[in-house]
Structure formats: C-alpha cells, structure tokens
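In: Give me a model of this one.
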Amino acid sequence: MNDRPVWLITGATGMAAATARLAAERGLRVFIASLVEEECRTLAESTGGAYQAGDLSVTACANAAVARCLEVFGRVDALFNAAGISGRRYGDGPVHECTDQGWDTTLAVNLRSVFLMCRAALGPMLERKRGAILNMASVSALSPEPRHFAAHAYAAAKGGIVALTTSMAACYAPMGIRVNAIAPGLVRTPMSRRAQGDAGIIEFMKTKQPLVEGFIEPEDVARAAVFLLSDDARAITGETFVVDAGWRLS
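Out: Now for the predicted structure:
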C-alpha cells in the first residue's frame, strides 16, 4: 500500500505547476485538474502524477476531478485551488466599465470553481477527519492598486475567497481539516503576460515589489504553498498568507 500523501492541484501552469513540481520533488503524489488537457497531461507526466481535464466552474467537472483522483490514488490529503484567470479579455475593469460577462466569467472561474472543488474534496477529507485546503487569493483583495490593476471583478472574487477560507476554517477545524489562503503579489505567470509586456508596469513594479524589484517568480509562491499544505503547518488554519515582495508596504 502506498501511503505517500496525495495533493490535488487545480491549474497546470504558473504557480500551480511550480507547486506540483516541488511537491513531486518532495515525494508527494500529485493529481492535476485544469481546463486544457494538453497542459494537464504535460504537467502530470513531468511530475509522475495523473490528471483530469475539465471546466472546474461546472459542478460535474469538479466532481469528476475529485472522483478520478480517488480512483487513481485512493485518497485526497490536500487540495490547492490555484486555477484562475484574469477577466480583462471578458470585460473586467473598474465597476463603471465592467461588463456583465466580465463580472460573471471572472467570478465563475476564480470563485465558483473554488467552492465546487472544496465541496467535492471535503467528502473524503471528512471521512478521514484529516485534510488541508489552500485557496488562491490575491494581494489585490487586500491592497488595491488602481493605477494599473483596477480589475474589480477579480478583486471581488479574491476577496470572496478570503472570506470563504476564514468561514471554512472555523467550521472544519474540529473535524481535523485546515483551510488557508495564499495571496500573491504580481507573479511572472502566463496570466500576467499583459503586465510583463507593459513598460510602465515593469518600471512601477521595481518599487511596488521592492524585495524582488519586479515580478515574483512562481517558485517563491510554490514554496509557501507547499509549507501551508504540509504537516509543517499542522497548527495553522484560517490564515491568508501574503507573498507580495513588499507590495502592501510600498
């Protein structure tokens, strides 16, 4: 019988991929759930894990991801809800400019998917009276930056994740399940390509995130995520752990 822990990670690029690779390096079994099958397959193969592709904002797909993880590995020890999008191409922006599609799509992918995955994963965790959940928030929910990052649907989704995390932590602590959030600053991922190509934002980030003088690397977030999901953080729950390279203080 293989007793190595199983971590279910949503998302297959950026911070999700960096976390999956680090977890695999440390001997954990990794299950990937995300939208694009090719990205899932590539990451699963490189980490020796398994995957299920699907739209995690759809109930059946979220349930299928957890069911497939249980089928392959027999357990779910931890869930990292890392999948998400920028809603700008759908019309996210300041409230007076945000479109219906921008609002609905951004909240569905970034918040509804978290709810659905948590609900699906909690079943097996409650049976074992043990588990860890980490939800992807954002520094934008805690410290707005209107000059370059006025995406209000995205901020609302991430703020909802912070509130959901706190409420879940209070509810499930007596059942042995920890729930935390991680709130990165601006990270060098496929989702931040717009910012990476903007000379004004590049210059701005030199002082906005002074510890790295620019963009945070996905591996910086992955190391924090692995800590929060591991037994090293067994006494930590209900926290929003910020990895922002000084964003809030600058």
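
In: how close does residue 134 sit to residue 79?
Out: Residue 134 is 7 Å from residue 79, where distance means Cβ to Cβ, to the nearest Å. Every C-beta, even on glycine, is put in place using the N, C-alpha and C of the backbone.

In: out of the two, which sits in the more crowded spot?
Out: Using other Cβ atoms under 10 Å, the more surrounded residue of residue 134 and residue 79 is residue 79, with 31 against 27.

In: what are the bridge partners for that one, then?
Out: residue 8, residue 133 (DSSP bridges).

In: so it touches residue 6, yeah?
Out: No. The criterion here is Cβ atoms under 8 Å, and residue 79 misses it with residue 6 at 9.9 Å.

In: For the helix or strand of the chain with the lowest mean pLDDT, enumerate the helices and strands it packs against.
Out: Lowest mean confidence among the helices and strands of the chain (mean pLDDT, DSSP states H and E): helix 193-196, at a mean of 92. Helix 193-196 is packed against helix 199-208, with contacts defined by 3 or more Cβ pairs under 8 Å, 6 or more residues apart in numbering; DSSP states H and E.

In: Could I get the buried residue list for the very next helix or strand once past the helix it packs on?
Out: Going down the chain from helix 199-208, the next helix or strand is helix 218-229, by DSSP states H and E. For helix 218-229, the neighbour count (16 or more other Cβ atoms under 10 Å) marks 218, 220-222, 224-226, 228-229 as buried.

In: With stretch 62-73 instead?
Out: Buried-residue list, stretch 62-73, by 16+ other Cβ under 10 Å: 62-66, 68-70, 73.

In: can I get those residues in JSON lines with secondary structure?
Out: Formatted as JSON lines, these follow (DSSP: H, G, I helix; E, B strand; the rest coil):
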{"residue": "62", "secondary structure": "helix"}
{"residue": "63", "secondary structure": "helix"}
{"residue": "64", "secondary structure": "helix"}
{"residue": "65", "secondary structure": "helix"}
{"residue": "66", "secondary structure": "helix"}
{"residue": "68", "secondary structure": "helix"}
{"residue": "69", "secondary structure": "helix"}
{"residue": "70", "secondary structure": "helix"}
{"residue": "73", "secondary structure": "helix"}
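
In: Centre-most residue in the protein?
Out: residue 82 (2.0 Å; Cα atoms, centre = their mean).

In: who's in contact with it?
Out: 9-11, 14-16, 19, 136, 225 (Cβ atoms under 8 Å, 6 or more residues apart in numbering).

In: Please report how far residue 2 lies from residue 75.
Out: 9 Å.

In: Compare those two and say which is more crowded by neighbours.
Out: Taking neighbours as other Cβ under 10 Å, residue 2 and residue 75 compare with residue 75 leading, 19 against 9.

In: avg pLDDT for the longest strand belonging to the chain?
Out: Taking DSSP state E as the assignment, the strand of the chain that covers the most residues is strand 177-184. Strand 177-184 comes out with an average pLDDT of 98.
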